[in-house]
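Undergrad: Kindly generate the corresponding structure for this input.
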Amino acid sequence: MQLTRLLVPTFVQTLKSLSAWLDKAAAHDREQGADPEALVTLRLAPDMYPLAAQVRFVCFQAQESAYRLRGEEVPQALLNVRQEGWKSNEQPGSLADARSRIADAIAFLSGLAPDALDAGNDLQIALDLPNGIVFDMTGEQYARDWSLPQFYFHAVTAYAILRHHGVPLGKPDYVSHMFAYIRPGTLPQD
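TA: Next comes the predicted model:
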């Protein structure tokens with residue numbers, strides 16, 4: 001499996017969509033007379049992390065994968081992004097912070113070599129969770145069973161938070177990258 005060709009475009013296109021969702025949400029709130037900065041504190045349920053955390057976790061997951069699959073230590077600066085996510089209830093930050101995290105993640109991923117992660121398929125990865133659980137897996141298992149599901153969990157949760165709070169997002173916003181594949185002449189004209 002060519003992990004770079006699978007993960008990097010997947011992460012980048014979803015991060016770009018997430019940025020567009022934030023833009024659409026901010027515009028929607030301004031139209032409604034609401035303060036767009038309040039968006040970062042929204043959540044689906046009282047015991048869930050707010051939108052600010054979801055954005056940070058999406059950005060963390062995408063970048064963490066690149067380090068782990070290259071057999072490198074995750075840098076403290078990136079671990080700080082995860083820590084910020086855990087503290088988002090008290091310190092949600094701003095929309096500018098969220099956009100900056102997304103832009104940084106996209107820039108990092110876009111700067112990787114076309115085969116940067118491919119040697120990580122058979123790499124042995126020990127994933128230590130803060131609660132003491134340790135998962136041992138290969139790079140391929142890590143990409144398939146941890147990295148992608150975690151990334152999508154937080155991206156979908158961000159989408160759901162915005163949608164739940166009235167932002168007019170739809171399936172085209174979620175899969176906007178698919179418009180590049182539309183066969184000419186097949187788009188409905190209503």
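Undergrad: so what's the residue nearest the centre of the chain up against?
TA: Among the residues of the chain, the one closest to the centroid is Val58, at 2.6 Å (Cα atoms, centre = their mean). Going by Cβ atoms under 8 Å, 6 or more residues apart in numbering, Val58 touches 14-15, 18, 102, 105, 151, 154-155, 158. Just so you know, the C-beta spots here come from the backbone N, C-alpha and C atoms, and that holds for glycine as well.
Undergrad: Repeat that for Val134.
TA: Applying Cβ under 8 Å, 6+ apart, the residues near Val134 are 126-128.
Undergrad: Return the set of residues that bridge with it.
TA: Counting by DSSP bridges, Val134 forms beta bridges with Asp128.
Undergrad: show me where this structure has strands.
TA: 124-128, 134-138 (DSSP state E).
Undergrad: and the longest helix along the chain, how far out from the chain's middle?
TA: In the chain, with assignment by DSSP state H, the single longest helix is helix 3-31. Taking the mean of its C-alpha atoms, helix 3-31 sits 8 Å from the chain's own mean (Cα atoms, centre = their mean, to the nearest Å).
Undergrad: Next, the buried residues of stretch 103-118.
TA: Using 16 or more other Cβ atoms under 10 Å as the test for burial, stretch 103-118 gives 104-106, 108-109, 116-118.
Undergrad: An error on my part: the question was meant for stretch 39-50.
TA: For stretch 39-50, a neighbour-count test (16+ other Cβ under 10 Å) marks 39-40, 42-44, 49-50 as buried.
Undergrad: Pick the one among those closest to Pro75.
TA: Tyr49 (22.5 Å; Cβ to Cβ).
Undergrad: and the closest residue to that closest one other than its chain neighbours, backbone torsions?
TA: Using Cβ to Cβ, 6 or more residues apart in numbering and skipping residues adjacent in sequence, the residue nearest Tyr49 is Ser88, 5.8 Å away. According to degrees, to the nearest 10, the main-chain angles of Ser88 amount to phi -60, psi -20.
Undergrad: Which of the strands of the chain comes out lowest on mean pLDDT?
TA: Among the strands of the chain, strand 124-128 carries the lowest mean pLDDT, a mean of 94.
Undergrad: just to revisit the earlier point, compare the strands of the chain and give me the one nearest Ala98.
TA: Closest to Ala98 of the strands of the chain, according to Cβ to Cβ: strand 124-128, at 25.5 Å.
Undergrad: Understood, closing this out.
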